[in-house]
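Novice: model the structure of this input:
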Amino acid sequence: MATRTGSGLGLDKKDDLMLNFSLAESSNNLVYHGYKREFITQQLSAMEEALAVCSKCSGILRDACNIREGEVMVCEACVGVEEGAQPVGAVRIMVSNLRCRCPLKHRGCRWEGTVGQMGQHLNECDHLMVLCPYSAYGCGKELQREEFEMHRREGKEYHNELMSIFMAERVERQAVEIKKLQVSINELIEERKYLRVNGVVWRIKDCESIKEKISIFTRSSEIISYRESICTDPISPISNQDDKVMKEGKIKQNKCYKGPKFVLGPWYVVSLQLLIDKTSGEVSLNLLSDKSNVKEKHLKWPLQGKCKVIILNQQNADTNWRLETDTFELSREGTVKLTSIPSGIISADEYNGTIILKVLFDIEQ
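Specialist: All right, here's what the predicted structure looks like:
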């Protein structure tokens, strides 16, 4: 068992507050760990004298233990490293009930109680020396607890000045760290200017009498610094039969096909949606937000900025066409109708291959 030295009472383990109540000073080469007899106010009986005194330091037993098969009583802190020791509960209780006075009586404290109550008393004793709470800011004043309120009032301006200096230095240190982080972020953006993400295939199964085989196959996503460009390709053609159904407006319900998700910024995830109107057969594109990944709920959605959509048919020179929306502001509600495509513009009669859907985001950071 490790040897413990210090000035604490030990019963509640707050040794830094148990000043002078136990001995830890050398006297004639003897180190005391027990309680000082001078603080015990009651007269010990012969039995109490025999049971309550440490065989090593001669103080009143502190955390009583026995060694040598119970023949010797010692303080727990007096036990040698290789000496087996067993706590003696009955003796510890007896000692805790001994009458005592406050070790700060010389400063004017008149408290009297038991050894077991001493720890709580010293936590509240007005005569205990304490360090000013503003020591963290530079005030090293040590004073009795009862003097602190006056010290606080008289030193208000001094303490405020210390706090101002402390906070100014702290802000300056943080500014240096922020500057270092910003440099690192800029370097990271430069190194990873182009971030490519593999795509996923979405397939639409047959629904009632309509065979809508629209597969959105995303091959790459390109996010470029603060001006972000997202390209998806190809969108496979709708069959002639399906195209005819769309033109004639025979769709029984709106058809909605979600495309891939893209990251626009920290915690901002969006996806494109292809919507076929059941009445007109028109095809619309929408920008949707995925708020499930938004951790910072106070942030506006999405980032403030502008957007436009370009739809390109790049099959061959004869059938190439380009549809470009006007620039619009991103919505905070989560859905923006980008464009309405005339019925049949995505038609198997016009091409047999690739359409590129390109979305340009101009984000204001």
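
Novice: can you pull out the strands in the stretch 1-150 of the chain?
Specialist: Applying DSSP state E, counting those that start in this stretch to the stretch 1-150 of the chain gives strands spanning 26-27, 30-31, 64-67, 72-75, 86-87, 99-101, 112-114, 129-131, 142-144.

Novice: quick check: which of the ones you listed is nearest to Q174?
Specialist: Smallest distance to Q174 across these (C-beta to C-beta): 26.8 Å, for strand 129-131. The C-beta positions use only the backbone N, C-alpha and C, and glycine is treated the same way.

Novice: who does that closest one touch, helix- and strand-wise?
Specialist: Other helices and strands packing on strand 129-131, by 3 or more C-beta pairs under 8 Å, 6 or more residues apart in numbering; DSSP states H and E, are strand 142-144.

Novice: residues contacting the strand it packs on, please?
Specialist: Among residues not part of strand 142-144, those counted as contacts by C-beta atoms under 8 Å, 6 or more residues apart in numbering are 107, 126-132, 151.

Novice: now for those: which two are most distant?
Specialist: Largest separation among these by C-beta to C-beta: R107 and C132, giving 18.1 Å.

Novice: compare the two (neighbour count), which wins?
Specialist: C132 (18 against 14; other C-beta atoms under 10 Å).

Novice: that one and L104: what is the separation?
Specialist: 19 Å (C-beta to C-beta, to the nearest Å).

Novice: G113 too?
Specialist: Going from G113 to L104 by C-beta to C-beta gives 13 Å.

Novice: neighbour count winner among these two?
Specialist: It is L104, of G113 and L104, that has more neighbours when counted by other C-beta under 10 Å, with 21 against 14.

Novice: please, where are all the helices along the stretch 1-150 of the chain?
Specialist: For the stretch 1-150 of the chain, helices defined by DSSP state H, counting those that start in this stretch occupy the ranges 46-52, 89-96, 115-124, 148-154.

Novice: for the third one, name the packing helices and strands.
Specialist: It refers to helix 115-124. Against helix 115-124 (3+ C-beta pairs under 8 Å, 6+ apart) you get helix 89-96.

Novice: the inter-axis angle of the helix it packs on versus helix 115-124?
Specialist: Here the directions of helix 89-96 and helix 115-124 differ by 50 degrees (axes from the mean of the first three to the mean of the last three C-alpha atoms, to 10 degrees).

Novice: next, the buried residues of helix 89-96.
Specialist: By neighbour count on 16 or more other C-beta atoms under 10 Å, the buried set for helix 89-96 is 91-92, 94-95.

Novice: over to stretch 57-73?
Specialist: 57, 59-67, 73.

Novice: which regions of the stretch 1-150 of the chain sit below the pLDDT cut-off?
Specialist: For the stretch 1-150 of the chain, residues meeting the criterion pLDDT under 70 lie at 1-32, 69-70, 80-83.

Novice: switch the cut-off to 90
Specialist: Scanning the stretch 1-150 of the chain for pLDDT under 90 picks out the ranges 1-96, 101-109, 115-150.

Novice: circling back: could I get the buried residues of stretch 57-73 as a markdown table with distance to L143?
Specialist: Converted to a markdown table, the buried residues of stretch 57-73 look like this (distance: C-beta to C-beta, whole Å):
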| residue | distance to L143 |
| --- | --- |
| C57 | 32 |
| G59 | 30 |
| I60 | 30 |
| L61 | 34 |
| R62 | 29 |
| D63 | 31 |
| A64 | 36 |
| C65 | 38 |
| N66 | 42 |
| I67 | 42 |
| M73 | 40 |
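
Novice: now for these: which two are most distant?
Specialist: For these, the farthest-apart pair by C-beta to C-beta is I60 and I67; their separation is 17.6 Å.

Novice: the protein - how does it break down into domains?
Specialist: Here the domain parsing of the chain from automatic domain parsing is 15-129, 194-363.

Novice: show the contacting residues for G84.
Specialist: G84 makes contact with I67, according to C-beta under 8 Å, 6+ apart.

Novice: that one and S55, how far apart?
Specialist: On the measure of C-beta to C-beta, G84 and S55 end up 15 Å apart.
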